[in-house]
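No letters, just coordinates:
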Ligand SMILES: C[S@@+](CC[C@H](N)C(=O)[O-])C[C@H]1O[C@@H](n2cnc3c(N)ncnc32)[C@H](O)[C@@H]1O
């Protein structure tokens, strides 16, 4: 019988992973298999793994080597200040989407702002905003009941129970109310985009990623309908692809939005565009 791996030996198996983030990935997977914090791994490098822990870790490492996202393997992803449960039915929240949250927090909104997050997925944007402004009335929607159940669990997890959730295909089943801000990270990847067959994207729901009309179909639907759900001078803020800012600006200007402009994400790419509903 071979000796069990120690924590330090287990972490060295990160060389089985091709990814640039393999050291961190291995730490997250091992911490998950051992049900401990990454700090524990650093404190006890010589500790031996129990057989079940070792089997679990090696299986996770194997799945990661095949390309499965770490977030799916450990069941959660950090976003803003929140740890969110994830599922293969919707997008794993991305750090770049935190720029959307950051920009929304910079807007001149009333103290009791009404905010709508369309295509909320895990609830990432809605819950981040609700966690910063307990006095805001935040509404979030997505098209599937299972995804809404996931977002609701994340709201419970962080005691953000003042967020309302609706199962709705974009605006279709929402109550006819008006908002100070409508925010969305909708699907915006073109169906033939090569990135869809690479990396983590292969394992994420196409319904969260892909839109017709060169990736712009859902953005067109949201922009066309948003004015009916925005208060006068209300904001619409959208995340989009790195090469879509001009197209999204045109769609928003054509729909009558004013003060239309775009902002960069943390990587320096122009990835979000916003505008104001005319009074
Ligand atoms: C790019 S993901 C964004 C998820 C989350 N807001 C985030 O930033 O992590 C797009 C989301 O839009 C939802 N979605 C796609 N088509 C939709 C539709 N027709 N109506 C409502 N939601 C839709 C997907 O289920 C998915 O959760």
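Looks like it arrived, so ask away. Note that this is a predicted model, so its numbers are computed, not measured. Numbering: from 1, shown residues only.

Going by C-alpha atoms from here, please, whenever you check contacts or count neighbours.
OK.

Grab the longest helix from the chain for me.
With secondary structure taken from DSSP state H, the chain has its longest helix at helix 51-65.

ok now it, how far from the chain's centre?
Using C-alpha atoms, centre = their mean, to the nearest Å, the distance from the centre of helix 51-65 to the centre of the chain it belongs to is 26 Å.

How about stretch 204-220?
How far stretch 204-220 lies from its chain's middle: 15 Å, per C-alpha atoms, centre = their mean.

touching the ligand at all, that stretch?
Yes - Stretch 204-220 lies within reach of the ligand by C-alpha under 6 Å from any ligand atom, at 207, 208, 209.

Report the beta-bridge partner residues of residue 117.
According to DSSP bridges, residue 140, residue 183 are recorded as the beta-bridge partners of residue 117.

and it, how far is that from residue 54?
To residue 54, residue 117 is 41 Å away according to C-alpha to C-alpha, to the nearest Å.

Which of these two has more residues huddled nearby?
Applying other C-alpha atoms under 10 Å to residue 117 and residue 54 shows that residue 117 carries more neighbours, namely 26 against 20.

Name the nearest residue to residue 44, ignoring sequence neighbours.
residue 7 (7.2 Å; C-alpha to C-alpha, 6 or more residues apart in numbering).

try residue 223
residue 252 (6.3 Å).

List of residues touching the host helix or strand of the one you found?
Here residue 252 sits within helix 245-254, counting by DSSP states H and E. With contact meaning C-alpha atoms under 8 Å, 6 or more residues apart in numbering, helix 245-254 is reached by 216, 219-220, 223, 240, 260-262, 270-273, 275.

Of these - the most surrounded one?
Highest neighbour count within these: residue 272, with 27 neighbours (other C-alpha under 10 Å).

Is the residue nearest to residue 44 in contact with residue 45, as I believe?
Yes - the criterion here is C-alpha atoms under 8 Å, and residue 7 meets it with residue 45 at 4.9 Å.

quick one: which of these two has more around it?
Neighbours were counted for residue 7 and for residue 45 using other C-alpha under 10 Å; residue 7 has more, 23 against 14.

which residues does the more buried one contact?
Here residue 7 is in contact with 41, 44, 45, 46, 47, 48, 49 (C-alpha under 8 Å, 6+ apart).

Next, the fourth one: phi, psi?
In terms of degrees, to the nearest 10, the main-chain angles of residue 46 are phi -90, psi 0.

Tell me how far residue 105 lies from the ligand.
According to C-alpha to the nearest ligand atom, to the nearest Å, residue 105 stands 16 Å off from the ligand.

And for residue 67?
For residue 67, the distance to the ligand - C-alpha to the nearest ligand atom - is 20 Å.

burial measure for that residue, as a count.
For residue 67, the count of nearby residues is 18 (other C-alpha under 10 Å).

and it, helix, strand or coil?
Here residue 67 is recorded as coil under DSSP: H, G, I helix; E, B strand; the rest coil.
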